[in-house]
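Undergrad: Build me a model:
(chains A and B)
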Amino acid sequence: MSVIVEGAVTGTPAPPRPRRRIDWGKLFTWTVLGWLFVPIVFMIAFSFNDISGRHNVTWQGFTVKWYGQAFDHADLTQALFHSLAIALLTMVIAGTIGSLLGLALGRHTFRGKGTTNLVMFAAICAPEVVLGAALLSLFLLMGVTTGFVAILLAHVMFTVSFVAITVRARVITLDPKLEEAARDLGAGPWTTFRLVTFPMLLPAIMAGGLLAFALSIDDYIITSFVAGEVTTFPLWIWGATRVGIPPQVNVMGTLIFAAGVLLAVINVILARRQASRGRP
Amino acid sequence: MRRKLAPYLLALPAWAWLAMFFVVPLAGMASLSLTSGNVITGFSQTFNIGNYLTAIDTYGEQIARSLFYGLSATLICIAIGYPAAYWIAFKGGRHKSTYLLLLLLPFFVSFVLRTISWKFTLSDNGIVLGTLKQIGVLPADFGVLNTAPAVILGLAYNFLPFMVLPIYAVLERMDHGVVEAAHDLYASRVQAFVRVVLPISLPGVFAGGLMTFIPTTADYVNASVLGGTGNTMIGSIIQTQYLVNNAYPIASAITFVLMGVLLLGIFSYARALGTERVMEVQAK
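TA: Predicted coordinates:
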């Protein structure tokens, strides 16, 4: 552990009296983290707001009734269902073809590798509004109707590169000796892949798939271009802003957030346990 | 023979997908941007460069505003994100992953919902401003929403992790021994930072800058929700022209103008750093 340049980074002068040193870096980081949580705290609090009209802006009393009526807006529930279905399908499709591409990029040299990298880089960097507008242009020119399938095509397109670079990063760090050892022990290429390579890549494939899921379920901009008549969760919220967001939206947001927290906590506990046991 | 084919077979599905739904659509949009006509009479290919002139002429203001907002948000993200990434990487100790987790947790809540939540938090008579007005700290006509700072701060808020993570990745991987070496060679804390840590972390800042500047410049959710009518960004114009006005030729021309402006930035980055390096930083 090295002790270094703290004041220089935060740009704060050294405390005048060194009697009790304030850890400015820590204070700063916690302030930033606090800032990030402001709208989340607000969203959770207002899922318990006992409102009577359509506008959930001022605090009117505590209630848990919205949790009982979470699925009372049929169209909101359906939008959430669309979002989940598209995110799951995106996770599976982009997870599969992205992992294959990541494997090719990390393991092999082949013609078109440079172009592939460039296209992936462009697809990751391109602003969503450009991706959405381009897809809609294609669908218009071809006379294809927009909707559920169009959203799925779009989501796989913009997440596949993220999966590929996640898997590629892992493939590069794999020790080729392990596969050689498997071959020396008489395993064919398929057996080697199934028993040696794939299990080692699995964490990266899972991470890539989860990333695809998260990007898909959160997407508003691209989806808004190609959705046609279909509504997803973000699209429904957007549409409801003018007439007032019902507390059910806060409830669903809170539940999704809670699920994410739960997953993250489990992940941290598992990582801790593995670390304390020593890596296998 | 089979070994030689393997990479092509592995890459084929993703190639096909990216070609069909990323490369071809861009070409389609290019062709659409040169057409004339309207949605009633139909569109015909006339190689009408005039669409681009109209786009620049009519929406130059929104493009300039978008660039300004995007750049401001990116600079704020660097100013906030660098110290935080630095502190987590160097002082986080064994809680590093917990800090990163806390940084990412808010992003489990949908982007649109987070932004709308800010709108309610900051509304003129909402929980923050309303309370401050009641106790007399702020004048009754004070407002935050529908101003440029509200949009810029909203953008910075929503894209901060894209800045912190690449910087953190670089700082975390660097050999902390080099800083000690600098101190052994009588570098002050400031010198050690400016001449050792900062140069090593620059690729992270560049990658973060790219991943923040492009989406913030093209975003319109923050501008629509927090900025009201006076702070329209170019993304909003594109969406309206496509989905509301069905003015596809002009809409696609505006999109290409935006892309051109952004591509200039990307290419200068890519040339300076090499795409592989920027992407690697991003992947970590």
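
Undergrad: Name the residue of the stretch 51-200 of chain B that lies nearest to chain A.
TA: In the stretch 51-200 of chain B, the residue that lies nearest chain A is B:F108 (3.2 Å; C-beta to the nearest C-beta). To be clear about C-beta, it is placed using only N, CA and C from the backbone, and glycine gets the same treatment.

Undergrad: Do I have it right that that residue meets A:V261?
TA: Yes. If you go by C-beta atoms under 8 Å, B:F108 and A:V261 touch, sitting 7.2 Å apart.

Undergrad: follow-up on the earlier one: once you drop chain neighbours, what's closest to the residue of the stretch 51-200 of chain B closest to chain A?
TA: Nearest-residue entry for B:F108: A:G260, 3.2 Å, with adjacent residues in sequence omitted and distances by C-beta to C-beta, 6 or more residues apart in numbering or on different chains.

Undergrad: What of A:H108?
TA: A:H108's closest residue in space is B:P7 (C-beta to C-beta, 6+ apart), at 3.6 Å.

Undergrad: tell me which element that neighbour falls in.
TA: helix B:2-18 (DSSP states H and E).

Undergrad: which intervals of the stretch 1-150 of chain A have sub-threshold pLDDT?
TA: For the stretch 1-150 of chain A, applying pLDDT under 70 flags the ranges A:1-20.

Undergrad: can I assume B:Y186 sits in a helix?
TA: No. Secondary structure assignment (DSSP: H, G, I helix; E, B strand; the rest coil) places B:Y186 in coil, not in a helix.

Undergrad: What's the separation between it and A:L263?
TA: According to C-beta to C-beta, to the nearest Å, B:Y186 stands 49 Å off from A:L263.

Undergrad: With A:G106 instead?
TA: 27 Å.

Undergrad: Show me which of those two is the more surrounded one.
TA: Using other C-beta atoms under 10 Å in any protein chain shown, the more surrounded residue of A:G106 and A:L263 is A:G106, with 19 against 12.

Undergrad: Count the residues that sit near A:G239.
TA: Considering only other C-beta under 10 Å, A:G239 is surrounded by 13 other residues.

Undergrad: What is the distance between the helix or strand containing it and the centre of its chain?
TA: A:G239 belongs to helix A:233-240 when assigned by DSSP H and E. Here helix A:233-240 is found 19 Å from its chain centre; the criterion is C-alpha atoms, centre = their mean, to the nearest Å.

Undergrad: Please point out which parts of that helix sit buried.
TA: Buried residues in helix A:233-240, counted by 16 or more other C-beta atoms under 10 Å in any protein chain shown: A:F233, A:P234, A:L235, A:W236, A:I237, A:W238, A:A240.

Undergrad: between the residues you listed, which is nearest chain B?
TA: A:P234 (4.4 Å).

Undergrad: which residues touch the closest one?
TA: Residues counted as contacts of A:P234 (C-beta atoms under 8 Å, 6 or more residues apart in numbering or on different chains) are A:S83, A:D218, A:D219, A:Y220, A:T223, B:S110, B:F111, B:V112, B:L113.

Undergrad: okay if I get those residues as CSV plus neighbour count, secondary structure and distance to A:A204?
TA: Compiled in CSV, the contacts of A:P234 are given as follows (neighbours: other C-beta atoms under 10 Å in any protein chain shown; DSSP: H, G, I helix; E, B strand; the rest coil; distance: C-beta to C-beta, whole Å):
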residue, neighbour count, secondary structure, distance to A:A204
A:S83, 25, helix, 25
A:D218, 21, helix, 21
A:D219, 28, coil, 22
A:Y220, 23, coil, 28
A:T223, 26, helix, 27
B:S110, 25, coil, 26
B:F111, 19, helix, 25
B:V112, 23, helix, 29
B:L113, 25, helix, 29
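
Undergrad: Take the residues you listed and lay them out in CSV including distance to A:L255.
TA: What follows is the contacts of A:P234, written out as CSV (distance: C-beta to C-beta, whole Å):
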residue, distance to A:L255
A:S83, 13
A:D218, 15
A:D219, 19
A:Y220, 19
A:T223, 21
B:S110, 12
B:F111, 17
B:V112, 16
B:L113, 12
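
Undergrad: can you map out the helices along chain B?
TA: Assigned by DSSP state H, chain B shows helices spanning B:2-18, B:24-32, B:50-91, B:96-104, B:111-122, B:129-134, B:148-173, B:177-184, B:189-192, B:198-218, B:221-226, B:234-239, B:248-273, B:275-283.

Undergrad: can you tell if the shortest one touches chain A?
TA: Yes. Contact between helix B:189-192 and chain A is present through B:R189, B:V190, B:A192 (criterion: C-beta under 8 Å from any C-beta of the partner chain).

Undergrad: That helix: how far from the chain's middle?
TA: 31 Å.

Undergrad: Same question for the fifth one.
TA: For helix B:111-122, the gap between its own C-alpha mean and the chain's C-alpha mean amounts to 18 Å (C-alpha atoms, centre = their mean).

Undergrad: Let me see the mean pLDDT of that helix.
TA: The average pLDDT for helix B:111-122 rounds to 91.

Undergrad: how about the CA coordinates for it, as PDB?
TA: C-alpha atoms of helix B:111-122 as PDB (Å, rounded to 0.1, in the frame of the first residue of the first chain):
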ATOM      1  CA  PHE B 111     -32.500   5.600 -17.400                       C
ATOM      2  CA  VAL B 112     -35.800   7.200 -18.200                       C
ATOM      3  CA  LEU B 113     -37.200   6.600 -14.700                       C
ATOM      4  CA  ARG B 114     -34.000   8.000 -13.100                       C
ATOM      5  CA  THR B 115     -34.200  11.200 -15.100                       C
ATOM      6  CA  ILE B 116     -37.900  11.700 -14.400                       C
ATOM      7  CA  SER B 117     -37.200  11.100 -10.800                       C
ATOM      8  CA  TRP B 118     -34.700  14.000 -10.900                       C
ATOM      9  CA  LYS B 119     -37.400  16.100 -12.400                       C
ATOM     10  CA  PHE B 120     -39.800  15.400  -9.500                       C
ATOM     11  CA  THR B 121     -37.000  15.900  -7.000                       C
ATOM     12  CA  LEU B 122     -36.200  19.300  -8.400                       C
END
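
Undergrad: Run the angle between that helix and helix A:233-240 for me.
TA: 40 degrees (axes from the mean of the first three to the mean of the last three C-alpha atoms, to 10 degrees).

Undergrad: can you list the residues that contact helix B:111-122?
TA: A:38-40, A:42-43, A:46, A:56-57, A:218-220, A:234, A:237-238, A:241, A:245, A:249, A:253, B:106-107, B:109, B:126-129, B:144-145, B:150, B:154, B:157-158, B:221-222, B:225-226.

Undergrad: does the nearest residue to A:G228 once chain neighbours are set aside count as helix, strand or coil?
TA: Spatially, and ignoring its direct neighbours in sequence, A:G228 is nearest to A:T146 (3.5 Å; C-beta to C-beta, 6+ apart). What three-state DSSP gives for A:T146 is coil.
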